[in-house]
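J.: Sequence below, structure please.
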Amino acid sequence: MLNPAWFLDELDRHRIGCITGVPCSYISGLYSMLEDGTRPYFPATSEGEAVAIAAGAWLAGSRGLVLAQNSGLGNMVNPLSSLTEPFEIPVILGVSRRGWPAGTDEPQHALMGQITPDLLRLLGIHTEKLALDQAAAARQLSHAAGRCDERRSMAFVLEKGVLDNAVPPAEVAEPEPLPPPAVRVLRAGPRPTRAQVLESWLALGISRPTVATTGYTSRELYGLDDRDGHFYLVGSMGCAPALAGGLAFAGLPVTVLDGDGALLMRMGSLATLARHVRTPFLHVVLDNGRHESTGGQRTNSGGVDFAAAALACGYRAAWRCDGREAVTAALREAVAHHDGCVLVHCLVRPGVAAKPPRPKDRLPDLALRFRTHVTDNFAVAEGGSGGYSIRP
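T.: Numbers count the residues shown, from 1 in each chain. The predicted structure follows:
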């Protein structure tokens with residue numbers, strides 16, 4: 001049985017700068033230590049969200065660890081297969097094995113308990129059972145760190161009893177929630193296209209890492225102005241805010257260009273970001289009510305007030321904009337906020353003049369280009385997400 005304090009010290013030694021995930025009773029002692037506030041721990045609302053957060057941590061120049069029980073492994077399949085694998089972004093996984101040995105757990109865990117190691121290996125992830133012996137476990141963690149340097153992921157299967165759970169829950173005082181501010185509603189000018197909103201953002205000339213969601217948003221941004229500081233999701237629909245969160249948790253200012261259909265897939269990210277982000281974080285939602293790149297089918301956004309939802313989750317400010325001049329004004333006001341998450345909900349016209357181009361570079365090269373840009377131009381201030389500076 002491993003001591004959780006020793007395990008966390010080993011993670012520090014191997015420069016694991018971001019720990020995220022969803023809890024499991026099999027390793028509750030480890031979570032109790034993480035929640036004391038002394039570690040870079042950012043609990044997620046879903047396991048797939050956690051994978052995207054860890055990917056963002058790597059893009060910020062760090063290493064990320066995702067902790068989850070195997071019942072959430074299915075939720076992780078999409079970002080593991082369409083984000084970390086094609087971009088060659090390494091993450092370390094710690095997956096507890098509920099439902100194993102067979103017959104020792106609740107029936108809903110039985111199938112996943114049986115197939116957990118095989119499922120991870122089918123995803124192309126090198127998988128090992130974390131050893132009970134401290135010296136052997138230390139070698140395994142060193143191996144995982146080395147694989148990160150080679151841009152290869154690794155998974156540890158955590159069987160029941162591998163970590164000591166005799167750790168009392170941390171006493172953490174959450175701040176009293178403040179009444180949310182009002183949504184600022186702006187109407188001016190004709191309703192813009194998605195490309196026109198992107199043009200308005202680019203025209204501001206703000207130098208910060210920008211993450212664009214999958215589909216035509218990434219492709220139009222690429223076609224308008226390809227920059228080293230742009231990260232284009234090509235899959236992992238719904239994961240753009242969480243990936244941007246991984247950058248923000250490292251202390252970086254970030255903009256995420258999101259879509260209505262994408263945000264609806266993982267709206268829990270709003271709560272995660274609001275709770276943990278302290279640097280400038282601009283969340284732009286381009287809402288055309290359509291899944292544009294798959295043929296223009298309707299989304300379920302017609303009755304959704306994204307701005308109000310963001311404020312209810314703890315965002316510092318939010319705008320709802322109808323009209324190109326309204327969008328420009330809202331973006332200018334939003335970038336003036338420097339203390340956490342703000343959201344600009346932009347109503348846009350559906351349709352595209354022509355199918356936008358896809359990035360021509362290899363995806364691993366795009367990821368490395370972005371990571372190099374971030375680490376060369378932004379220095380994370382002491383204290384993680386407490387601040388940042390732009391390198392001279």
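J.: Secondary structure element holding A138?
T.: Using DSSP states H and E, A138 sits in helix 134-149.
J.: right, I mislabeled it, should have said N75
T.: helix 73-79.
J.: which secondary structure elements does that helix contact?
T.: Helix 73-79 is packed against helix 47-59, helix 110-122, with contacts defined by 3 or more CB pairs under 8 Å, 6 or more residues apart in numbering; DSSP states H and E. C-betas here are computed from N, CA, C, even on glycine.
J.: Which stretch among these is buried most, on average?
T.: Per residue and on average, the most neighbours among these fall to helix 47-59, with a mean of 31 (mean count of other CB atoms under 10 Å).
J.: Export that one to PDB, keeping only CA atoms.
T.: Written as PDB, here are the backbone C-alpha positions of helix 47-59 (Å, rounded to 0.1, in the frame of the first residue of the first chain):
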ATOM      1  CA  GLU A  47     -13.700  12.700 -17.000                       C
ATOM      2  CA  GLY A  48     -13.600  13.900 -20.600                       C
ATOM      3  CA  GLU A  49     -13.300  17.500 -19.400                       C
ATOM      4  CA  ALA A  50     -10.400  16.400 -17.200                       C
ATOM      5  CA  VAL A  51      -8.500  15.000 -20.200                       C
ATOM      6  CA  ALA A  52      -8.900  18.300 -22.100                       C
ATOM      7  CA  ILE A  53      -7.700  20.200 -19.000                       C
ATOM      8  CA  ALA A  54      -4.600  18.000 -18.800                       C
ATOM      9  CA  ALA A  55      -4.000  18.500 -22.500                       C
ATOM     10  CA  GLY A  56      -4.100  22.300 -22.000                       C
ATOM     11  CA  ALA A  57      -1.600  21.900 -19.200                       C
ATOM     12  CA  TRP A  58       0.800  20.200 -21.600                       C
ATOM     13  CA  LEU A  59       0.300  23.000 -24.100                       C
END
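J.: residues in contact with the residue nearest to V157 when sequence neighbours are not counted?
T.: Spatial nearest neighbour of V157, chain neighbours left out: K129 (4.8 Å); criterion: CB to CB, 6 or more residues apart in numbering. Shown in contact with K129 (CB atoms under 8 Å, 6 or more residues apart in numbering): P117, F156, V157, E159.
J.: repeat for L264
T.: Residues near L264 by CB under 8 Å, 6+ apart: G238, T299, N300, S301, V304.
J.: Secondary structure and pLDDT added to the contacts of K129, as TSV?
T.: As requested, these are exported to TSV (DSSP: H, G, I helix; E, B strand; the rest coil; pLDDT from 0 to 100):
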residue	secondary structure	pLDDT
P117	helix	97
F156	strand	98
V157	strand	98
E159	coil	95
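J.: Show me which of those is closest to D258.
T.: F156 (32.1 Å; CB to CB).
J.: what's the spacing between the closest one and D376?
T.: Distance, F156 to D376, using CB to CB, to the nearest Å: 32 Å.
J.: same question, D226
T.: With CB to CB as the criterion, D226 and D376 are 18 Å apart.
J.: quick one, what contacts the residue nearest to C148 when sequence neighbours are not counted?
T.: Of all residues not flanking C148 in the chain, P90 sits nearest, at 4.3 Å (CB to CB, 6+ apart). Residues counted as contacts of P90 (CB under 8 Å, 6+ apart) are W58, R63, T84, R147, C148, E150, R151, R152, S153, M154.
J.: list the contacts for the last one?
T.: Counting by CB under 8 Å, 6+ apart, M154 makes contact with P90, I92, L93, I125, H126, T127, E128, H143, A144, R147, C148.
J.: can you pick the most crowded of the contacts of K129?
T.: F156 (23 neighbours; other CB atoms under 10 Å).
J.: Distance-wise, check the residue of the chain positioned farthest from its centre relative to H109.
T.: In the chain, counting by CA atoms, centre = their mean, G103 sits farthest out from the average C-alpha position, at 35.0 Å. Separation of G103 from H109 (CB to CB) stands at 11 Å.
J.: more neighbours, D226 and D376?
T.: Comparing D226 with D376 by neighbour count (other CB under 10 Å), the higher total belongs to D226, at 15 against 11.
J.: what's the pLDDT at that one?
T.: D226 is assigned 97 on the pLDDT scale.
J.: which SS class is the closest residue to it other than its chain neighbours?
T.: Nearest non-adjacent residue to D226, counting by CB to CB, 6+ apart: P359, 7.5 Å away. What DSSP: H, G, I helix; E, B strand; the rest coil gives for P359 is coil.
J.: which residues touch P359?
T.: Taking CB under 8 Å, 6+ apart, we find P359 in contact with S218, R219, Y222, D226, Y232, V234, L366.
J.: how close does the last one get to K360?
T.: By that I understand L366. 10 Å.
J.: Those two: which is more packed in?
T.: L366 (20 against 9).
J.: so where's the stretch 101-250 of the chain uncertain?
T.: Within the stretch 101-250 of the chain, the segments meeting pLDDT under 70 span 172.
J.: now the strands for it?
T.: 126-129, 154-158, 184-187, 210-212, 230-232 (DSSP state E, counting those that start in this stretch).
J.: Dump those into a markdown table; add distance to C24 as well.
T.: Shown next, in a markdown table, are the strands of the stretch 101-250 of the chain (distance: least, CB to CB, whole Å):
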| stretch | distance to C24 |
| --- | --- |
| strand 126-129 | 16 |
| strand 154-158 | 8 |
| strand 184-187 | 41 |
| strand 210-212 | 29 |
| strand 230-232 | 30 |
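J.: Of these, which is nearest A173?
T.: Comparing those by CB to CB, strand 154-158 comes nearest, at 29.3 Å.
J.: That'll do, ta.
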